[in-house]
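>>> predicted model follows, preceded by the sequence.
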Amino acid sequence: MPRRRGRATARGTGSASRRGAESTRCAPGRDTGSTTGTRSRLRTPMNPTLGAAAAAIATVLLAQDAPQRATFRASVDLVPVDVSVVDKDGRPIQDLKRADFTVLVDGRPRTLASAEFISFARATEAPPPPPEDYSTNTTAVGGRLIMIAIDAGNIGPGRGKIAFDAARRFIGTLNSADRVAIATIPGAGPQIDFTANHALVQMLLQRVVGQAQSDGGGRRVSLAEALAIDRDDPTTLSQVLDRECAGAASPGERQICRQELLDEAHSLTMDVKQRARNSIIGLQHVLDRLASNEAPKTMIYISEGLVIDRDISELSWIGGAASRAHVTMYVMQLDQVSVDIAEPRPSTTRGADRQTMMEGLETLAGATRGDLLHVVAGADAAFRRLGLELSGYYLLSFEAQAGDHDGKTHKIRVDVNRKSVEVRARREFNAGAVAHRSNEDMVVETLRSPLLAADLPMRVTTYALQEPGSSRLKVLLAAEIDRSLNPGANITLGYVLVDGKGKMAASEVERSLKTPIDRRTQTQAYLGAALLEPGVYTLKVAAVDGTGRRASVERSFKAQLNMLGQIHATDLLIADNSGPVGASGLVPTITANFAGDMLHGYIELYSEVPELLRQATVRIEVAANEAGEPLDSAVARFQDIPDGGDRRRAAETGVAIALLPPGEYVARASIAVGGHKVGQVTRPFRIVRTAASASGERPAFRSGVPIAFASRIDAFDRHAVLAPPVVGFFLNRLSATAASNAAAVTPALDHARSGRFTDAMEALKGTSDDQLAAVFLGGLALLEKGELEPAAAKFRAALKLDSEFLPAAFYLGACYAAGGRDREAAGAWQTSLITESEAPFIYTLLGDALLRLRDADQAVDVLREARSLWPENEDVQIRLGTALVMSGKAGDALAILDPYLARHPDDVERLFVALRALYEARAGGHPIGAPGEDRARFARYAEAYKAAHGPQAAIVAEWRRYMDKK
């Protein structure tokens with residue numbers, strides 16, 4: 001079933017960051033301010049120039065720390081080295097072992113500690129779509145950072161379109177986890193930082209145009225000749241003079257021709273050198289910016305050429321800068337053959353010109369562990385080879401020595417014991433000094449990184465509420481971190497919020513997360529809050545534990561209320577009762593993966609028309625989808641909100657989900673005004689209850705939590721135990737002694753036998769309190785009036801007069817049950833059990849009390865004893881069947897219920913119990929019969945339930961779909 005996003009629908013006409021409470025009754029946390037020593041703001045300047053929130057995440061923190069000089073992620077013990085080994089077609093060699101590599105540092109061999117092949121091959125099957133109600137790093141696969149760097153200053157107008165179109169197609173082949181960026185050099189053109197929005201990058205590539213000025217093809221001096229002349233090469237100058245000035249009629253004309261050629265050569269030389277200088281400066285800026293994080297990056301540099309005219313010193317910096325930025329450069333040189341042929345005067349030194357243009361590009365690729373790829377007719381072949389090379393590399397590591405961290409540049413050479421392969425490795429590295437980094441530093445670094453960190457699974461969601469007395473919204477930021485790998489380690493967490501214009505709206509760092517770890521799920525929750533103007537935002541949350549493991553998640557969301565006519569509603573906050581309950585109640589869900597029995601919903605309503613709010617009602621519903629019939633629902637209770645006034649109300653309630661099979665569902669807050677529905681707010685959730693819990697092995701219930709199954713069990717009715725047959729049954733068992741002293745209460749006894757308890761009270765006036773019959777009848781009269789505690793006092797007094805007087809114990813239990821104290825009622829009734837043929841009702845009352853208490857096993861024992869005494873009594877049978885279902889004995893239950901249902905096919909309560917027994921047996925992996933037999937029996941019961949208009953038809957339909965899938 002596809003994932004569904006929580007949203008609102010309406011019908012009818014009808015930035016500062018703050019700390020949120022650590023737990024809530026499925027309601028917004030309180031703003032409590034900062035805690036000294038545990039929280040700090042991220043002091044980071046805004047970056048107003050970025051247009052996309054996804055791009056801003058990696059750059060808003062850029063100015064906080066200076067770029068680190070370390071080439072690799074070096075530690076005290078090991079230095080990592082990334083190496084590509086490919087065949088002649090560019091396909092990575094994947095079967096090399098550590099012994100196949102040789103590493104020399106400053107000419108001396110080093111012992112390798114590891115050699116691991118890292119694959120980025122595109123998955124053959126698309127991963128499942130991520131859930132829309134929360135964001136996570138658990139589905140993140142290893143991504144790559146790929147920058148398309150376009151040397152527009154060295155590409156003529158209209159001459160790069162073939163390569164740019166091929167680059168767009170190449171981006172379409174990348175993994176969804178890859179981040180792509182564009183840098184136009186020297187700067188005039190599209191610029192975008194690393195983003196997962198591949199379509200945006202593809203669109204921007206259509207806007208790139210070459211900026212190198214063309215001379216119209218009328219040049220008399222070629223590029224190679226111009227550079228040679230500029231170097232005062234007399235031979236080249238003489239050759240050009242002889243070719244271009246042969247028609248000069250006089251020495252004066254020849255001198256003029258010579259000067260024109262010298263000027264043309266100088267102009268061309270200055271132009272290409274200036275363009276190269278601009279490109280080099282632009283490239284330096286790009287590499288400096290990329291050095292802000294340690295993630296490996298690939299730069300695809302597209303150019304027609306980079307003229308350095310044999311002066312390699314112009315690019316002597318490139319190896320160290322690329323190493324510090326962790327960049328590998330693949331250079332694509334666009335060939336100008338077709339352009340040269342089309343010119344009126346093609347170059348006479350075309351080969352030398354091409355070599356001159358290629359010289360600087362070769363230096364770039366060679367110094368940065370990359371390769372130079374020539375693009376002649378089309379660029380698709382070059383990009384296909386590049387795609388192969390980028391599909392994997394080796395990560396080597398060797399033991400560091402003291403001198404490796406001296407801050408100096410060291411030569412490094414990597415060789416492979418394999419023929420006919422190409423090895424691409426850096427020629428130098430600068431590991432720098434090992435510096436201690438705090439957890440806060442690592443959190444900031446993780447927030448800055450374009451890639452998601454997934455050492456620790458983490459999930460993040462948001463809820464939008466209205467800030468009282470303000471136009472801003474209070475957005476709850478909820479995160480959940482998997483602590484199964486590090487239950488005792490400290491967690492540092494931070495986040496940054498960026499608006500749609502790239503400006504930072506809020507940020508915070510929690511030095512030490514203090515919320516308790518949920519021992520059931522081994523997760524730790526964080527709940528924060530930020531005050532935001534309505535709009536689109538991107539949230540990035542990062543966490544680091546004491547061992548250096550990292551986690552980060554990005555989430556884009558729209559901060560807004562749900563507009564339902566003149567009523568505005570917040571997001572629907574939901575939780576279940578399976579997790580720990582803090583001092584403030586249940587914590588709003590992050591993943592909405594529920595294993596409990598109750599779904600709790602909370603929503604706030606606002607309106608400028610107080611009368612509308614007073615007429616508003618909210619019903620929390622559970623359905624299979626946004627438009628489906630409710631499977632169960634409950635009317636929400638409105639509660640007061642501090643400072644809410646008459647324009648704000650909060651509604652909250654719980655809905656039973658214990659009977660629903662695992663799967664996808666939607667929680668809905670259906671909002672009505674004056675009985676007319678104006679809209680609804682939804683949020684999807686999933687039931688992930690295990691087979692064991694579905695088949696009856698349920699966790700213990702907390703006191704005060706409604707029991708879903710209780711609605712299928714007979715509630716206690718005090719009037720039933722005051723019916724004349726029951727009262728007469730116990731009055732007939734007054735002891736002989738009590739009866740002999742009861743002459744004075746005979747009229748009252750007669751009234752009581754007929755159910756006239758008011759008359760019995762009148763007849764008892766004037767009797768002493770030491771007569772058992774009088775005290776007992778007084779208790780009955782008070783019970784009939786609903787005065788439970790005074791009645792219980794009378795029955796206790798009767799037991800003091802005669803401890804063996806079981807009728808008093810029975811009715812004392814009735815007082816307890818009428819007051820909702822089933823545990824005490826069961827204790828009293830157990831002492832009053834009578835095995836005479838007229839007394840099965842004592843067993844059934846006791847059985848009902850035990851079932852309401854969820855004490856199914858004890859109920860089975862009591863009701864089995866009753867069945868042995870009264871085997872044909874149907875009241876006993878149906879309760880025993882129910883108790884057996886609740887205790888997980890579905891087969892035994894149906895053996896009792898099936899004959900009963902054959903006689904009573906319209907008993908919807910018992911049909912529902914039988915349907916549940918079949919469903920839970922199948923869900924728990926313990927079918928009662930063969931699959932076909934169970935399905936047939938379920939279908940028979942379901943049809944009978946439908947024909948009898950059972951009230952839980954929607955739930956039965958869900959069960960039937962589950963049964964049919966099996």
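Noted; the coordinates are in hand. These numbers come from a predicted model, not from an experiment.
>>> for the stretch 551-700 of the chain, give me the ranges with low pLDDT.
Low-confidence segments of the stretch 551-700 of the chain, defined by pLDDT under 70: 579-586, 644, 689-700.
>>> quick one, strands of it?
562-564, 567-569, 573-576, 593-594, 598-606, 616-623, 630-635, 637-639, 648-656, 663-673, 676-687 (DSSP state E, counting those that start in this stretch).
>>> can you list the ones you listed in CSV and add distance to P807 and mean neighbour count?
The way it works is simple: take the backbone N, C-alpha and C, and place the C-beta from them, glycine included. Converted to CSV, these look like this (distance: least, Cβ to Cβ, whole Å; neighbours: other Cβ atoms under 10 Å):
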stretch, distance to P807, mean neighbour count
strand 562-564, 59, 20
strand 567-569, 56, 23
strand 573-576, 45, 26
strand 593-594, 47, 21
strand 598-606, 39, 25
strand 616-623, 45, 22
strand 630-635, 40, 18
strand 637-639, 41, 14
strand 648-656, 37, 21
strand 663-673, 49, 22
strand 676-687, 47, 21
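>>> could you dump those into CSV with distance to A828 added?
CSV is the format used below for the strands of the stretch 551-700 of the chain (distance: least, Cβ to Cβ, whole Å):
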stretch, distance to A828
strand 562-564, 52
strand 567-569, 48
strand 573-576, 35
strand 593-594, 37
strand 598-606, 30
strand 616-623, 37
strand 630-635, 32
strand 637-639, 33
strand 648-656, 29
strand 663-673, 41
strand 676-687, 38
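>>> point to the residue nearest the middle of the protein.
Centre of the chain computed as the mean C-alpha position; nearest residue by Cα atoms, centre = their mean is S135, 3.1 Å away.
>>> is it in contact with R555, as I believe?
Yes. Counting by Cβ atoms under 8 Å, R555 is a contact partner of S135 at 3.8 Å.
>>> what's the local residue count around A295?
Neighbours of A295 under the rule other Cβ atoms under 10 Å: 19.
>>> show me what contacts it?
Applying Cβ atoms under 8 Å, 6 or more residues apart in numbering to A295 gives the contacts L145, H326, S449, P450, L451.
>>> pLDDT averaged over the top helix by length along the chain - what is it?
Ranked by residue count, the top helix of the chain under DSSP state H comes out as helix 251-290. Taken as a whole, helix 251-290 has a mean pLDDT of 90.
>>> list the helices and strands that helix packs on?
strand 145-151, strand 179-185, helix 223-230, helix 234-244, strand 297-303, helix 318-325 (3 or more Cβ pairs under 8 Å, 6 or more residues apart in numbering; DSSP states H and E).
>>> ok, now with 6 Å
Judged by 3 or more Cβ pairs under 6 Å, 6 or more residues apart in numbering; DSSP states H and E, helix 251-290 is in contact with strand 179-185, helix 223-230, helix 234-244, helix 318-325.
>>> can you tell me the strand partners of whichever helix or strand comes after the first one and which way each runs?
Elements were assigned by DSSP states H and E; along the chain past strand 179-185, the next helix or strand is strand 192-195. Sheet pairing of strand 192-195 (DSSP bridges) gives strand 179-185 (antiparallel).
>>> need the contact partners of the partner strand.
Identification of contacts with strand 179-185 by Cβ atoms under 6 Å, 6 or more residues apart in numbering yields 145-152, 171, 190, 192-194, 196, 198, 201, 204, 279, 282, 286, 450.
>>> please apply the same query to stretch 800-812.
For stretch 800-812, with Cβ under 6 Å, 6+ apart as the criterion, the contacting residues are F730, L772, F776, A792, F795, A798, L799, A828, T831, S832.
>>> tell me the buried residues in it?
Of all the residues in stretch 800-812, those buried under the rule 16 or more other Cβ atoms under 10 Å are L801, D802, F805, L806, P807, A808, A809, F810, Y811, L812.
>>> just give me the closest of those residues to V85.
L812 (86.3 Å; Cβ to Cβ).
>>> what's the neighbour count on D857?
When neighbours are counted by other Cβ under 10 Å, D857 registers 13.
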